[in-house]
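> need a structure here:
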Amino acid sequence: MISPRLLALLVFAASISSCMTAYKESVGADTQEVFNRVFLTDFNMAWVAAQEAMKSMRIEESKVEAGFIRTQWADNTAEKNFIDSFGASETHLKAQYRFRVTVGKGFYNGKPSVKVTVQKDQLVQHDVLEGWKPAPTDSIDENTLLYRINRLITIRTKISRLEEEKVKNAVESTSF
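Numbers count the residues shown, from 1 in each chain. Sure, this is the predicted structure:
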């Protein structure tokens with residue numbers, strides 16, 4: 001059983017967060033979440049991993065110098081309208097999204113590191129007269145993309161270590 005104090009605290013926390021989002025929207029602040037992760041690798045490996053993780057999407061802009069990738073708008077109306085039979089969520093006339101990924105160089109404890117940032121822009125249209133409105137994201141796609149990038153970096157790092165060991169063993173076994 002939930003104690004009354006805990007229940008009151010949860011209700012208070014929920015009301016503050018919803019009020020803050022409404023306040024941010026009223027003053028025109030950016031309410032979209034940005035997801036990021038720091039990887040202990042070099043920029044080139046992280047850049048290749050980010051591009052490979054996004055290879056199933058159509059890329060609109062890709063700038064290596066700026067460390068920026070943006071996809072084209074993709075239609076996800078079917079996914080947004082996939083609702084529970086008992087759910088009270090509304091349907092959308094149209095829905096579209098795109099990803100913006102940045103890869104930035106840095107150092108962490110004296111080692112080269114890379115910060116990968118993922119942001120998903122989601123727009124929905126409820127009816128013909130309303131126009132496009134930004135919609136909050138459920139953070140699943142952003143975290144999935146960061147996970148893919150992480151796995152690709154891990155795999156590439158292991159492959160490069162194995163290749164280095166193979167070359168080292170080949171050089172040591174050669175007698176001149």
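> As a check, name the ranges of all strands in this structure.
Assigned by DSSP state E, the strands in the chain fall at 35-39, 59-63, 68-71, 74-75, 94-108, 111-125, 133-134.
> Which residue is the nearest non-sequential neighbour of the most centrally placed residue in the chain?
Centroid-nearest residue in the chain: Glu142, 2.6 Å away (criterion: C-alpha atoms, centre = their mean). Spatial nearest neighbour of Glu142, excluding adjacent residues (C-beta to C-beta, 6 or more residues apart in numbering): Phe35 at 4.1 Å. For the C-beta atoms, the positions are set from N, CA and C on the backbone; glycine is no exception.
> Tally up the residues packed near that neighbour, please.
The number of residues packed near Phe35 is 16, by other C-beta atoms under 10 Å.
> which ones are touching the residue nearest to the centre of the chain?
Shown in contact with Glu142 (C-beta atoms under 8 Å, 6 or more residues apart in numbering): 33, 35, 118-120.
> Next, find the distance separating it from Glu33.
From Glu142 across to Glu33, the span is 8 Å (C-beta to C-beta, to the nearest Å).
> Which strand residues bridge Phe68?
Lys63, Thr102 (DSSP bridges).
> what sits against it?
Applying C-beta under 8 Å, 6+ apart, the residues contacting Phe68 are 61-62, 100-103.
> Now tell me which of the contacts of Glu142 the prediction trusts least.
Ranked by pLDDT, the contacts of Glu142 bottom out at Glu33 (80).
> Fine, thanks again, bye for now.
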